[in-house]
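> After the sequence you'll find the predicted model.
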Amino acid sequence: MAQPETRSLQSDDNRFLHPWEDIDNIGQHRRTVVTEGEGVYITDSEGNRLLDGPAGMWCVNIGHRRQEMADAITDQIMQLTYVSPWSLTNAPAARLAEKLAQLSPGDLNHVFFTTGGSTAVDSALRFAMFRNNVLGRPEKKHVIARNKGYHGSTYLSASASGKARDKSFLDFKTDSFHHISDPNLFDKPAELSDQDWCARKVAELEDKIREVGPDRVAAFIAEPILASGGVILAPDGYHAACLEVCRRYDILYISDEVVTAFGRLGHFFASEEVFGIQPDIITCAKGITSGYVPLGAFLVSDRLIREIQEVESGAYFSNGFTYSGHPVACAAALKNIEIMEDEGILEHVREIAPYFQRQLRTLNELPVVADVRGVGLMACVECDINRGREQRLKLDYEIGNRIDKHCQKLGLLVRPIINMCVMSPPLIISRAQIDEMVNKLRQGIELAMADVERDGLWESD
């Protein structure tokens, strides 16, 4: 039974409208109260120690409770807390902009700072529309994105998102946002090769451009890996081929690296190093500060800036935030990057990621596991107890929720996304901690299987 302090905090928490809030159950939620974190572990208010499988929300890349981060944040607060970004600047913001330009691929040498991933994507989309206004193409404003993609919760970024189950009760811009299917290899027909599947998906993008009209499409936005959609991997060459299509029709390619940047795939940016592309714009957030304080950004190519300068010298990109280039957030990002470089964290990810993926793939032997996929230190274990039944939505959530509850009791925090368990631990995770994570996930899945079999939702072969 929960201790009195936990019960009090849980009661108070019902005043907090959480993201993706279940309105019907407001006042009845009893969320786990997390009180501490250290390394790859967090501790709840009852003293239970949990391995942080999702790294917060894909973001605590260098791990919890880093003294160097605390010192850098404190020092900056004591030196300069805040200054307006409109007509002034500050040293951390200027230095971080220069550092990101050095780390980014190609000519992405200009940085627009935002408050997080959603505002980074929203601002990038607004920049694409701004560009076409300046170039005298006010009709070239449409955006193509992909089903199962997630790009944020502002009006534009949510409109670009393609997760159907997230779109039931809110409004979205539908007249100029279009979606094509995701390239999930798990869905590929057996008779198709990976190359043919890739060609089919790239052709779908070009078909959509022609359908909407090349003179009306401003941008194509894509996560290198569809993260919240279930760590969906595309076939080799997919992104490069999509970029080629975009170039052919003068359409901006926006690579949404909010999840994949800053080490998740073993590089500061994955677009070029992993997928072989130099996009026109990259969005980032999350791992840029390892979640210690909020910060986001989009990086834009010199070519696009020059285009605008050459056509209209008086153009203003009238978009920004009170906290753009916040000195404390930028100081945290600089220290975060320094830690990654000094400790060889990116090299560690590249070395340990194959082991992480191999160990998770051992779960394929469990009857309820339909697929295990991933790259770097991000992976998805997809489960299925439906077997053709009509109540798919209900049963999807049933297996995901039960795995989540069992794993938490065993000392592992997972991120359940319907029927999928997404794992994206802090980048400093060791082999022994990977073994701990996989063993507890295995036990959690087995216990959930026993539950649903007992309740008549699953019949073992």
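Noted; the coordinates are in hand.

> Count the residues that sit near Met69.
Number of residues near Met69 (other CB atoms under 10 Å) recorded here: 21. Placement of C-beta: from N, CA and C, glycine included.

> can you pull the buried residues of stretch 139-149?
Across stretch 139-149, burial judged by 16 or more other CB atoms under 10 Å covers Lys140, Lys141, His142, Val143, Ile144, Ala145, Arg146, Asn147, Lys148, Gly149.

> Show me what the helix or strand bottoming out on mean pLDDT in the chain packs onto, helices and strands only.
Lowest on mean pLDDT, DSSP states H and E among the helices and strands of the chain sits helix 392-410, with a mean of 83. Counting contacts by 3 or more CB pairs under 8 Å, 6 or more residues apart in numbering; DSSP states H and E, helix 392-410 packs against strand 378-383, strand 415-417, strand 420-423, helix 431-454.

> These into TSV, with extra columns for distance to Thr114, mean pLDDT and mean neighbour count?
Below are those laid out as TSV (distance: least, CB to CB, whole Å; pLDDT from 0 to 100; neighbours: other CB atoms under 10 Å):
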stretch	distance to Thr114	mean pLDDT	mean neighbour count
strand 378-383	23	96	24
strand 415-417	24	88	19
strand 420-423	24	94	26
helix 431-454	32	94	18
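
> I'd like those written out as a markdown table, with distance to Leu17 added.
Output for the helices and strands packed on helix 392-410, formatted as a markdown table (distance: least, CB to CB, whole Å):
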| stretch | distance to Leu17 |
| --- | --- |
| strand 378-383 | 28 |
| strand 415-417 | 20 |
| strand 420-423 | 23 |
| helix 431-454 | 29 |
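
> Identify whichever of these lies nearest to Phe298.
strand 378-383 (21.3 Å; CB to CB).

> what residues are up against His110?
His110 is in contact with Ala97, Ala101, Leu299, Val300, Ser301, Asp302, Ile305, counting by CB atoms under 8 Å, 6 or more residues apart in numbering.

> switch to 10 Å and redo it
Ala97, Leu100, Ala101, Ser104, Ile281, Phe298, Leu299, Val300, Ser301, Asp302, Leu304, Ile305 (CB atoms under 10 Å, 6 or more residues apart in numbering).

> ok, now Pro19?
Met57, Ser153.

> Which pLDDT value goes with it?
We have a pLDDT of 93 for Pro19.

> quick one: secondary structure of it?
Secondary structure, DSSP: H, G, I helix; E, B strand; the rest coil: Pro19 is coil.

> Please report how far it lies from Asp182.
Remark: distance between Pro19 and Asp182 (CB to CB, to the nearest Å) = 23 Å.

> try Ser8
Using CB to CB, Ser8 is found at 44 Å from Asp182.

> When the two are compared, which one has more neighbours?
Counted by other CB under 10 Å, Ser8 and Asp182 do not tie: Asp182 has more neighbours, with 21 against 13.

> In a strand, that one, correct?
No: with three-state DSSP as the criterion, Asp182 is assigned coil and is not in a strand.

> can I assume it is in contact with Lys188?
No: contact criterion CB atoms under 10 Å: Asp182 and Lys188 do not qualify, at 11.4 Å.

> hey, what's in contact with both of these two?
Shared contacts of Asp182 and Lys188, counting by CB under 10 Å, 6+ apart, come down to Lys201.

> Any regions of this structure where pLDDT drops low?
Within the chain, the stretches with pLDDT under 70 are 1, 312, 386-394, 457-461.

> Show me the domain layout of it.
Split into domains by automatic domain parsing, the chain comes to 32-62+344-454, 68-342.

> Mind putting those domains into a markdown table with distance to Asp12?
Converted to a markdown table, those look like this (distance: least, CB to CB, whole Å):
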| stretch | distance to Asp12 |
| --- | --- |
| domain 32-62+344-454 | 10 |
| domain 68-342 | 23 |
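
> what about the residue nearest in space to the middle of the chain, distance to Leu412?
Compute the mean C-alpha point of the chain, and by CA atoms, centre = their mean the closest residue is Val259, 3.4 Å away. Computed as CB to CB, the Val259 to Leu412 distance reads 20 Å.

> Kindly report the same for Ile385.
The separation that Ile385 has from Leu412, given CB to CB, amounts to 21 Å.

> And for Ala432?
Counting by CB to CB, the gap from Ala432 to Leu412 is 14 Å.

> Name all residues that make contact with the nearest residue to Asp396 once chain neighbours are set aside.
Leaving aside its sequence neighbours, Asp396 sits nearest to Asn419 (CB to CB, 6 or more residues apart in numbering; 4.0 Å). Contacts for Asn419 (CB under 10 Å, 6+ apart) come out as 230, 368, 370, 381-386, 392-393, 395-401, 403.
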